[in-house]
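# Quick one: sequence and predicted model below, then my questions.
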Amino acid sequence: MLPQPAVRTAVRPDCIRQMKQPPSQSAGAKRNALAQSMQLMGAVMSFPRNSEIFGENEPADYVYRVISGSVRTYKILSDGRRQVGGFYLPGDIFGLEFADEHTFSAEAISDAKVVVVKRSAITALAGRDPAIGRELFALTGRELRRVQNRVLLLVKSAQERVAGFLLEMAERASAGNTVELPMSRQDIADYLGLTIETVSRTLTGLESAAAIEVPTSRRIVLRNRSALSRLNS
């Protein structure tokens, strides 16, 4: 077994050769073709909380899929501020790039396990298998749509941004009206382009308006989805 990586860990070709191959999925497991192929072709790495998976401007030689835990991508701006680009939950694929280098850095929000696959292997497989090619194209389209939606979100009010974020997380988590947030409020603030004080104040305001309930700092209950949707429209 590969030892646990240090706080800053980047995936390198020599590490890939040493990593233990993951077990194949059972026949009854419901996996899409791309995810199943990544599981069979890739290798599993474990990343402790806040450890780096890859860095900005590093070669984009690998594609990643979250098995457990959660991942954030981010960029440090010229003035020192951090801009979070996205959050990735179990089942999500990240690290896809149009260029040869990563635009953002990626790190584990919580202890995470990630399947790592060479980008060239995925590209070659997509060329041979139309189903994989379609899934890869659809995944790229979803990522582009997410970026476009986020650009639109940043021109809205703080209340609209927070409401939109909560609805997005609820949809992705598929856990009814209760949202368990793996990220901190500072992460949310850096994703939405707000201060942590504004995020906390906005959540309090939405709770006072009976749109949400906040049992803990990481658990949000959506009490009035229609009200949140109106804010996000």
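Cool, the structure landed. Numbers count the residues shown, from 1 in each chain.
# quick one: T103 is in a helix?
No: counting by DSSP: H, G, I helix; E, B strand; the rest coil, T103 is not part of a helix but coil.
# That one: neighbouring residues, count only.
13 (other C-beta atoms under 10 Å). Every residue, glycine included, has its C-beta placed from N, CA and C.
# which of the residues in the longest helix seen in the chain are buried?
Ranked by residue count under DSSP state H, the longest helix found in the chain is helix 130-153. For helix 130-153, the neighbour count (16 or more other C-beta atoms under 10 Å) marks I132, G133, E135, L136, L139, R150, L153 as buried.
# Show me the contact partners of that helix.
Helix 130-153 is contacted by residues 32-34, 37, 86, 93, 96, 122, 125-127, 160-161, 164-165, 192 when judged by C-beta atoms under 8 Å, 6 or more residues apart in numbering.
# so is the residue lying closest to L228 once chain neighbours are set aside in a helix, a strand, or just coil?
Nearest non-adjacent residue to L228, counting by C-beta to C-beta, 6 or more residues apart in numbering: A163, 4.4 Å away. Three-state call for A163 (three-state DSSP): helix.
# Quick one: residues contacting A163.
L206, A211, L228, S229, L231, N232.
# And it, how close does it get to I67?
Going from A163 to I67 by C-beta to C-beta, to the nearest Å gives 30 Å.
# Run a quick neighbour tally on A33.
Residues near A33, counting by other C-beta under 10 Å: 16.
# Check what pLDDT it gets.
What the model reports for A33 is a pLDDT of 86.
# so what's the residue nearest to the spatial centre of the chain bridging to?
For the chain, Y88 is the residue whose C-alpha lies nearest the centre (C-alpha atoms, centre = their mean; 1.5 Å). Counting by DSSP bridges, Y88 is bridged to V71.
# distance of the closest residue to K118 other than its chain neighbours from R219?
Spatial nearest neighbour of K118, chain neighbours left out: Y62 (6.0 Å); criterion: C-beta to C-beta, 6+ apart. Distance, Y62 to R219, using C-beta to C-beta: 33 Å.
# quick one: which of the two has more around it?
Each of Y62 and R219 has its neighbours counted (other C-beta under 10 Å); Y62 has more, 27 against 12.
# Return the helix or strand in this structure with minimum mean pLDDT.
When the helices and strands of the chain are compared on mean pLDDT, DSSP states H and E, helix 13-18 comes out lowest with a mean of 42.
# Next, the buried residues of the very next helix or strand once past that one.
Counting by DSSP states H and E, the next helix or strand C-terminal to helix 13-18 is helix 33-41. Applying a neighbour-count criterion of 16+ other C-beta under 10 Å, one finds A33, L34, A35, S37, M38, Q39, M41 buried in helix 33-41.
# Next: stretch 187-199.
D187, I188, A189, D190, Y191, L192, G193, L194, T198, V199.
# Just those: which are in helices?
D187, I188, A189, D190, Y191, L192, T198, V199.
# Turn those into CSV, including distance to I76.
Converted to CSV, these look like this (distance: C-beta to C-beta, whole Å):
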residue, distance to I76
D187, 14
I188, 18
A189, 15
D190, 10
Y191, 14
L192, 17
T198, 21
V199, 20
